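S.K.: Attaching a predicted model along with its sequence, questions to come.
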Amino acid sequence: MPISKQTLNFLAQNKFNNSREWFRAHKPEYQEYVLAPMAELVNLLAPTIQKIDPLIITEPKVGKAISRIYRDTRFSRDKSLYREVMWIVFARSKSEFGCLPGFVLEFSPQGFRYGCGYYGAPPRTMEMIRRMALEGDKAFQKAFRAMKKQDIFTLEGEFYKRSKCPDAPKDMRSWLDRKNLDWMRNSTDASLLFSPDLYKTLSDGFTLLAPFYDFLCKVEERLLAEA
């Protein structure tokens, strides 16, 4: 079954009630309307993801490719017990890379987004990206050309106040002057989110993003080699 209105309604009600008792009483709805469609989507996308990178985890389980609904409130002022945003993430094991690039679909009652990049790249990762780009790395050039041709995804990531590479071409500085790097598509199109063919749109999008992902993997491999 696809993601549905019932999926979003459950997430909104669960967040509003903010109660372990309410969640336990409605857990069958969580399993039917949230977990089941997410697991199905993971399975449908697995062949595409495995073709891009056989080392990516595609297990349709919570804590693997599916996010937890419980929030970690230890270091947060927001003590809400549950997430309203759920996500599917495809990345390698944490034992592979210090910082994991990956593919993601996030959704909530407010909308959804999907794409590829880092959740939060450390400064040394961004420094390596800049180094490899300025060295003319072939993987970077391939990713740069691929993303320049498309009009589906938008480059995201907060900019530094001052350019890190003021002498680089302007279009390259859009990549090199950021604190994080990801290409995302943001949408409020419920008809697409609820469609049984959502996986086809995601599959096409992730395939388009594959050169960018390949470059990020090469960045992480270079960091490991120099560690």
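M.R.: Received, thanks. Numbers count the residues shown, from 1 in each chain.

S.K.: all helices of this protein, in order?
M.R.: 5-17, 20-25, 27-29, 36-52, 123-134, 138-149, 170-176, 190-193, 198-208, 210-226 (DSSP state H).

S.K.: Could you report the pLDDT at the one residue sitting closest to the centre of the chain?
M.R.: Centroid check for the chain by CA atoms, centre = their mean gives Val104 as the closest residue, at 2.7 Å. pLDDT for Val104: 98.

S.K.: where's it relative to Val42, distance?
M.R.: In this view, Val104 and Val42 are 12 Å apart by CB to CB, to the nearest Å. All C-beta atoms are positioned from the backbone trio N, CA, C, and that covers glycine.

S.K.: Mind listing the shared neighbours of the two?
M.R.: Shared contacts of Val104 and Val42, defined by CB atoms under 8 Å, 6 or more residues apart in numbering, comprise Ile88.

S.K.: Find the nearest non-adjacent residue to the residue nearest to the centre of the chain, please.
M.R.: Using CB to CB, 6 or more residues apart in numbering and skipping residues adjacent in sequence, the residue nearest Val104 is Val89, 4.9 Å away.

S.K.: now swap in Lys218 and tell me
M.R.: Ala139 (4.5 Å).

S.K.: One more: Leu44?
M.R.: Tyr199 (3.9 Å).

S.K.: ok, how many other residues are close to the one you found?
M.R.: 19 (other CB atoms under 10 Å).

S.K.: thinking again about what came up before, mind listing what the residue nearest to the centre of the chain touches?
M.R.: Residues in contact with Val104 (CB under 8 Å, 6+ apart) are Trp87, Ile88, Val89, Phe90, Arg113, Tyr114, Gly115, Cys116.

S.K.: Run a quick check on the last one versus Leu100, I expect a contact.
M.R.: No: counting by CB atoms under 8 Å, Leu100 is not a contact partner of Cys116; they are 11.5 Å apart.
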